[in-house]
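Enquirer: Take a look and give me a structure for this.
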Amino acid sequence: MGLMRRFRIWAGSVALRRKIAIALAMAALASGIATYLALTESPPFGPDPSAVLSLLNLDLALLLLLGAVVAWRLVEVWAERRRGLAGSRLQIRLVLLFSLIAVMPTIIVAVFSCLFFSFGVESWFSDRVRTAISESLAVAEAYLHEHQQAIRADVLAMANDLNRDAMKLSLNPQHLEQVVSAQAALRGLSEAVVLDRAGRTLAKSSLSFTLGFERVPDAAMRRADEGDVAIMTNDSDDRVRALVRLNQFGDVYLFVGRFIEPGVLNHMEETQRAAAQYEQLEGQRSGSQIKFALIFMMVALLVLVSAVAIGIHFATQLVVPISRLVTAAEQIRGGDLAARVPEGEKDDELASLSRAFNRMTYQIESQQHELREANRQLDERRRFTETVLTGVSAGVIGLDRFGRVNLPNRSASSLLGVDLEEAIGQDLAQVAPEMGGLLDEAARRPERLAQSQVQLVRGTSTRTLLVRIAAEHYGREISGYVVTFDDITELLSAQRKAAWADIARRIAHEIKNPLTPIQLAAERLRRRYLKEIKGDAETFTVCTDTIIRHVGDIGRMIDEFSSFARMPAPVLKPENLSEIVRQTVFLQRTAHPEIAFATTFSAQPVVVRCDARLVGQAVI
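Expert: Residues are numbered from 1 along each chain as shown. Sure, this is the predicted structure:
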C-alpha cells in the first residue's frame, strides 16, 4: 500500500509539473506578444512605460521559471535517452523540430524591431525636445523650491514658539494641543502633529486626520536629529510635509503638512523625472539601444523557450503511452504480471493498444495463477504418493524419461543399500548397474512390462530381487518409468525347500512302503524257522536281527526325511492383517498390472497373533 501511495503521489507530481510547464508556456507567449505591442506603442497599451516595465519584469520572471522547467525537462529527456528508454529519441527529434520552427520567425521579428527602434531613437533627441524639457524643469524646480522654503520657515517658527514654552506645555498636554492647533491655523498649515520617536502622537491640530497615521521615514528622523528640517512629500502627491526636532521637549518631533495643488506637484515630478530620464538616455544612447535590443532578444528567447516547452509537452503526449507500454512489458518479462498501463479516456489507437495490452496481461496473469494451482495440486499428489510409498515394503523408484532417479521410497534405499535421496538426478544404471539392461528393454518395448530376477551383490551378501519396470508413455513419447522390486531371496529359499520337501515326501513314501513287509517277513522267518534249524542257528538269528534292526534304522531315517517335508514351525506374534494384505496386494498389482485388484480395509488396525510370512504365502 505504501509503494502504491508513493507511486500515485509521484504520478500526481509529474502531471502537475506538466500542467505548470504548459501554463507557463502559454503565459510566456501571451506576455511576449503583449510586450512587443507595448514596445511598439500599439493598442491597447499605447505609450505607457509602466506597462512596458511591468511586462518586461513579467517576461523576465516567466523566462526564468520557464527556462528552469524546460532545462529540467531537457535534462530528464537526455537522461532517458542515455538510459535507452523507449521514445526518448523521438521526443528529442520533436523538441528540435518545434525549436527550429519557432526560432526563425522569432529572430526575424527581433531584428526588424531593433532596426525600427534605432530609427525612432534619432527623433527623440532633437533640439526642440531638449529645450522644452529644460524650460519645464526650471519652472517645476522654482515652484517646488518656493513651497519648500515657505513650509521650512513656518515649521521653524512654530518649533521656536513651542520650545520657548516647553516647560509649561509638557506638563499640560491639553494646553499643548490647543497651542498646536492655534499655531497651525496661524501659519496656514493643513495639519500639525507632535510625536515621539516611537511614533506615538502627543498632540495634534484639530484638522489633523491623516498625518498622525503616516510613518515618518527613518531618513527624515536622522536628518531632524542632526538639527535640520526634513522636507518630504507623501505618496499621494497632494501636500508638502516637514519634520523638525523639538529640542526642549526631549526626544519629541514636530511633524507638519500643507496641502498644495496635486496637479502642479505631479507635473513637477513628471517634469523632473522626464528631464532626468532624457539626460540619462542622451548620455547612454548607445547603451539604451543595446538594452532595447536585448529586450527584444529576451522576448524572442521567451517565445523560443515557450515553443520548446510546448514541443516537449506534445512530444511527451505522444511518447509517454509508448514508454508505458515498454516499461510494463519489461515488468512482465521480470515476472510482475500485475503490471498495467493507464488506458486513458481518449478513443484513439494508443488507447486501443493499451486496452489490448491490459487484456493480454490479465490473461497471462490468470493462466499463471491456474498453472500455480495445478503445480500445487501436483505437489500435494506427489507428497501423498511419497507418503503411500513410504509405508510400502517393496522398493519403488520413479524415473524421468531419460532414466534418471527422481522419486524413490525408503524401502528402495534399504534394499539397494544406497541413499537414493542423494542420488536423485543420477542415472539408474549408475546407482544400480544390475537393472540397466532391464531398463533398456523397457525403453525398447514401452508397451510391455519388463520383468526379471536380478542378483544384487553388496559386499559379502547376495540378494535376489524381482524387478519390474513399466514405462509411462503418451502415444509414442515416453514420459518416465516406474521401477518396483522386492527381495525374493527368502521366497526362493522357501520354494527350494518346498520342492525338496515334496521330493523327500515322495521318496519317503516310496521307501517306507516296503519296509514294513520286510520287517514283518524277517520276524516271521525267525519265529517259524528258528526251531527247525539245528545247525548254525545262531547265524540265522543274527541275520534276522540285523534285518529287523536295519529296517528300524531305515524307518527312523525315513521319519526324519518326512519331517523335512513338513511346513516350518510358525513364529507367532501380534501382526496387522490389513498391512500384510496391503503389501501382498501391492506386489501382485505391480506384477500383474492387467488385473484390477479391489481391496477394502478397516479404518482401525486388525491385530492378531500369527506368522506374517506364512499368512502372506497363504494369500498369494
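Enquirer: shaky segments in the stretch 251-400 of the chain?
Expert: Along the stretch 251-400 of the chain, the parts satisfying pLDDT under 70 run over 262-265, 281-289, 291, 293, 344-345, 384-392.
Enquirer: now with 80?
Expert: 258-324, 326-327, 330, 335-338, 342-351, 378, 380-394 (pLDDT under 80).
Enquirer: For it, which segments are assigned as strands?
Expert: 252-259, 395-400 (DSSP state E, counting those that start in this stretch).
Enquirer: Now do the closest residue to Ala27 other than its chain neighbours against Ala71, distance only.
Expert: Of all residues not flanking Ala27 in the chain, Leu62 sits nearest, at 5.8 Å (Cβ to Cβ, 6 or more residues apart in numbering). C-beta here means a position set from N, CA and C on the backbone, and glycine is covered the same way. Leu62 is 14 Å from Ala71, where distance means Cβ to Cβ, to the nearest Å.
Enquirer: Quick one: distance of the helix ranked longest in the chain to the chain centre.
Expert: Assignment by DSSP state H gives helix 285-333 as the longest helix of the chain. Relative to its parent chain, helix 285-333 has a centroid offset of 30 Å by Cα atoms, centre = their mean, to the nearest Å.
Enquirer: for it, packing partners?
Expert: helix 2-39, helix 49-82, helix 88-124, helix 349-390 (3 or more Cβ pairs under 8 Å, 6 or more residues apart in numbering; DSSP states H and E).
Enquirer: and the residue nearest to Ala27, how many neighbours?
Expert: By other Cβ atoms under 10 Å, 21 other residues sit near Leu62.
Enquirer: per-residue pLDDT, it?
Expert: Looking at Leu62, its pLDDT stands at 74.
Enquirer: so it touches Ala23, yeah?
Expert: No: Leu62 lies out of contact with Ala23 (Cβ atoms under 8 Å); the separation is 10.2 Å.
Enquirer: domain parsing for this structure?
Expert: 2-124+284-333, 142-281, 346-387, 391-487, 493-565, 573-619 (automatic domain parsing).
Enquirer: Just put those domains in JSON lines and tack on distance to Ser134.
Expert: Shown next, in JSON lines, are the domains of the chain (distance: least, Cβ to Cβ, whole Å):
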{"stretch": "domain 2-124+284-333", "distance to Ser134": "15"}
{"stretch": "domain 142-281", "distance to Ser134": "7"}
{"stretch": "domain 346-387", "distance to Ser134": "68"}
{"stretch": "domain 391-487", "distance to Ser134": "109"}
{"stretch": "domain 493-565", "distance to Ser134": "144"}
{"stretch": "domain 573-619", "distance to Ser134": "127"}
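Enquirer: right, and these - which one's nearest Glu135?
Expert: Proximity to Glu135, assessed across the domains of the chain by Cβ to Cβ, is greatest for domain 142-281 (9.4 Å).
Enquirer: and that closest one, how far out from the chain's middle?
Expert: Centre to centre, stretch against its chain (Cα atoms, centre = their mean), the figure for domain 142-281 is 72 Å.
Enquirer: Check the separation of the first and last residues in stretch 177-194.
Expert: The first and last residues of stretch 177-194 sit 9 Å apart, counting by Cα to Cα, to the nearest Å.
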